[in-house]
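Participant: quick one: sequence plus predicted model below, questions after.
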Amino acid sequence: MGQANERSAREASKRLLWRVAGAVSLLLALIGIPLPLLPTTPFLILSAYCFSRGSERLHDWLVTHPRFGPPIRLWAEHRAISRKGKVLAMIALLAAFVSAWAFGVAVEVLIIQAITLVAVACFILGRPSPPKEEATSRDPAQ
């Protein structure tokens, strides 16, 4: 009986940590909506993953949310990023680099940032766009 209670308490603690991680990820996603330097969709996807481990109710709420759900579903079902999402991501990457340059960041740091941003851009642009019927029926951003 003691082992069962201990195991149950351990599982409850794990679920709580997953819920906290999901909430932090969701908070970062929400902050990223108005800030072009903080990506929203990756944090939404991370939040959905964390909630899937810690709270079925929160996961279902997030995945079915009218605004946050479509990019998560596109990623989960097709590993796809909408065209609008790609364009916004490229604008954010460019804004991040221009901001760093404008603030006088050291050339060495700019080079490292440029290499990283190019790698991120290649990843994003290398993802497929969603199938037409999915994009128009599910993603209000399209």
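Facilitator: Great, that's in hand. These numbers come from a predicted model, not from an experiment.

Participant: how near is the most centrally placed residue in the chain to R15?
Facilitator: By C-alpha atoms, centre = their mean, the mean C-alpha position of the chain lies nearest to P42, the distance being 1.6 Å. Here P42 is placed at a distance of 23 Å from R15 (C-beta to C-beta, to the nearest Å). From N, CA and C alone the C-beta is placed, and that goes for glycine too.

Participant: list the buried residues in the helix or strand where the residue nearest to the centre of the chain lies.
Facilitator: Using DSSP states H and E, P42 falls within helix 41-54. Neighbour-count burial for helix 41-54 flags 41-52, 54 (criterion: 16 or more other C-beta atoms under 10 Å).

Participant: and what of stretch 109-128?
Facilitator: Buried, per 16+ other C-beta under 10 Å, within stretch 109-128: Q113, L117, V120, I124, R127.
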